[in-house]
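Novice: Next comes the sequence, and after it the predicted model I'd like to discuss.
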Amino acid sequence: MPTRKQRRRRQKLQRHEYEEVYIDPTTGEEVDVDPDERPQRKEPRAKAAQKAPAGRTRSGRIVQPPSWERVARRSAIFAPLMFATVYFLAPKDHRPIPGLVLQTLVLLAFFVPFSYLMDRFTYRTYLRRTGQESEPRAPKR
């Protein structure tokens, strides 16, 4: 349900515009205004679109192209968290460290490519939404 402020703003936008006429000072008759002389009314949304810098989304965040370097940094942050999760979920009487490290490496083997694919998906969606062209693909050999 829209708020009172939103309802008032919508009603204001839907009001009819009145024709502008000028009165000729010499004859005293009404004269129509040329369309070129008529001041253009700007929509409130148009103002917001002009203020936002090009290439930004509604939240103002620019999505970077996917890179393996960023994925490696992210996996370096999540690796200890994954190890801690595997450690605390293992039974207390059976916690060999080499086995837990191996399980963490298996989790990372799934996490790293999945993280890159999600970055790629997010970047392509951002390009489509902003109307920019995607980067050209390398030719297949």
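Specialist: Yep, it's here. Residues are numbered from 1 along each chain as shown.

Novice: Tell me the predicted confidence for Arg56.
Specialist: Note on Arg56: pLDDT of 53.

Novice: can you offset everything so residue one is 46?
Specialist: In the new numbering, first residue 46, that becomes Arg101.

Novice: Show the residue spans covered by the strands in this structure.
Specialist: For the chain, the strands defined by DSSP state E cover 66-68, 75-77.

Novice: would JSON lines of those with mean pLDDT, distance to Ser160 and mean neighbour count be doable?
Specialist: C-beta here means a position set from N, CA and C on the backbone, and glycine is covered the same way. Shown next, in JSON lines, are the strands of the chain (pLDDT from 0 to 100; distance: least, CB to CB, whole Å; neighbours: other CB atoms under 10 Å):
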{"stretch": "strand 66-68", "mean pLDDT": "73", "distance to Ser160": "64", "mean neighbour count": "10"}
{"stretch": "strand 75-77", "mean pLDDT": "73", "distance to Ser160": "64", "mean neighbour count": "10"}
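
Novice: Pass me the low-pLDDT residue ranges in the protein, would you?
Specialist: The chain contains residues with pLDDT under 70 at 61-66, 78-105, 179-186.

Novice: same thing but at 80, please
Specialist: Scanning the chain for pLDDT under 80 picks out the ranges 57-69, 73-105, 139, 178-186.

Novice: Convert stretch 118-136 to CSV, retaining C-alpha atoms only.
Specialist: Extracted C-alpha coordinates of stretch 118-136, given in CSV (Å, rounded to 0.1, in the frame of the first residue of the first chain):
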residue,chain,number,x,y,z
ARG,A,118,41.2,-13.5,-2.4
ARG,A,119,37.6,-14.5,-1.5
SER,A,120,38.5,-18.1,-1.2
ALA,A,121,41.5,-17.2,1.1
ILE,A,122,38.9,-15.5,3.3
PHE,A,123,36.5,-18.3,3.3
ALA,A,124,38.9,-21.2,3.6
PRO,A,125,39.5,-20.8,7.4
LEU,A,126,35.7,-20.4,7.9
MET,A,127,35.1,-23.6,5.9
PHE,A,128,37.8,-25.4,8.0
ALA,A,129,36.3,-24.2,11.2
THR,A,130,32.8,-25.4,10.1
VAL,A,131,34.2,-28.8,9.1
TYR,A,132,36.1,-29.1,12.4
PHE,A,133,33.1,-28.2,14.6
LEU,A,134,30.7,-30.4,12.6
ALA,A,135,32.9,-33.5,12.8
PRO,A,136,32.3,-35.9,15.7
